[in-house]
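Visitor: sharing a sequence plus its predicted fold:
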Amino acid sequence: MKKLFSAAVYASALLCSSFALTAHAESPEQVPAAVANASAATFNAEKLKQTISQTLGLEVSTARKTPMPGLAEIVTEQGLFYTSYDGEYFIQGKLFNLGPNVTNLTETSLAQVRLDGMAKFEKDMIVFPAKNEKHVVTVFTDITCGYCRKLHNSMEEYNDLGITVRYLAYPRAGVYQSPGTYTQGFEDLRSIWCNEDPAKAMTRAKAGSSVARRICDKPVEENFKFGRQVGVSGTPAIILANGFMLPGYRDADDLMNILENL
């Protein structure tokens with residue numbers, strides 16, 4: 001098992017940069033030497049950020065070493081990726097530590113990115129508080145999502161169990177339908193966040209009522225970008241207090257069981 005996994009990781013390390021859009025004209029004999037040279041490179045976070053920016057056009061917020069020799073982790077607006085120290089090789093995928101216990105290092109890193117990001121949006125979340133709060137979860141939501149509506153319709157059950165639910169916006173259709181033109185999903189969520197009573201506006205919208213148009217300065221687009229960065233691909237996406245994410249709907253009892261056993 002370990003040998004097969006290691007072979008897969010090694011094979012992934014041979015992916016070329018530019019998301020496989022630009023190929024190096026290296027012969028099979030040259031590749032091992034090139035990989036060896038990349039592994040021997042010295043880690044320099046600022047230089048690596050600059051290299052990735054110039055090569056792929058990605059803005060790198062953080063770059064750091066991973067436990068795997070020669071492999072760096074970079075966090076961008078498009079997500080978390082891995083590169084060789086010199087930026088010559090680029091990997092999109094997950095990194096695991098296989099011993100003594102299997103650990104998903106990618107998810108562990110993303111959990112911290114989620115916690116840092118949520119802290120920036122705390123003042124702009126729509127919150128449905130539990131009276132006797134035991135746990136807090138943060139949910140990326142959209143009003144057109146059937147399971148998001150199901151979750152919201154059960155809000156009283158979550159709150160009764162002591163679960164406070166905080167909402168971040170995630171328009172499933174994206175922010176722009178064409179340059180300079182917003183999607184209807186984005187405009188509806190922005191209107192809810194801009195409403196004089198966002199919680200009531202959210203409840204009405206989740207029940208199927210039309211959304212009264214509002215425009216103001218709320219970080220709905222930033223919420224969406226943040227969601228994309230930390231691995232959200234659909235709604236609802238539930239972020240736990242430790243930063244780990246549960247994709248999809250969970251009923252109140254199931255969610256409470258998960259929270260109690262963290």
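Guide: That came in fine, so what should we check first?
Visitor: domain ranges for the chain, per the record?
Guide: Per automatic domain parsing, the structural domains of the chain span 2-104, 121-260.
Visitor: please identify the deepest-packed of the ones you listed.
Guide: Mean neighbours per residue, mean count of other CB atoms under 10 Å, is largest over these for domain 121-260, with a mean of 17. The C-beta positions use only the backbone N, C-alpha and C, and glycine is treated the same way.
Visitor: any idea how far it is from the middle of the chain?
Guide: 14 Å (CA atoms, centre = their mean, to the nearest Å).
Visitor: that one: end-to-end distance?
Guide: End-to-end span of domain 121-260 (CA to CA, to the nearest Å): 25 Å.
Visitor: so what pLDDT did residue 83 get?
Guide: pLDDT for residue 83: 96.
Visitor: isn't there a strand covering it?
Guide: Yes - assessed by DSSP: H, G, I helix; E, B strand; the rest coil, residue 83 belongs to a strand.
Visitor: separation between the closest residue to residue 256 other than its chain neighbours and residue 253?
Guide: Once flanking residues are discounted, residue 256 sits nearest to residue 161: 4.8 Å by CB to CB, 6 or more residues apart in numbering. As defined by CB to CB, to the nearest Å, residue 161 lies at a distance of 8 Å from residue 253.
Visitor: could you do residue 158 as well?
Guide: Residue 158 is 10 Å from residue 253, by CB to CB.
Visitor: same check on residue 107?
Guide: Applying CB to CB to residue 107 and residue 253 gives a distance of 25 Å.
Visitor: residue 53 and residue 47 touch, don't they?
Guide: No - when contacts are counted by CB atoms under 8 Å, residue 53 is not listed as touching residue 47 (10.7 Å).
Visitor: average pLDDT across the host helix or strand of residue 177?
Guide: In this assignment (DSSP states H and E), residue 177 forms part of strand 176-178. The average of the pLDDT scores along strand 176-178 is 95.
Visitor: list the strands paired with that strand, with their directions.
Guide: strand 181-182 (antiparallel) (DSSP bridges).
Visitor: residues in contact with the following helix or strand past the strand it pairs with?
Guide: Per DSSP H and E, the first helix or strand lying C-terminal to strand 181-182 is helix 184-194. Residues outside helix 184-194 that contact it (CB atoms under 8 Å, 6 or more residues apart in numbering) are 124, 126, 142-144, 169, 171-176, 182, 198, 201-202, 205, 211-216, 218, 220-221, 224.
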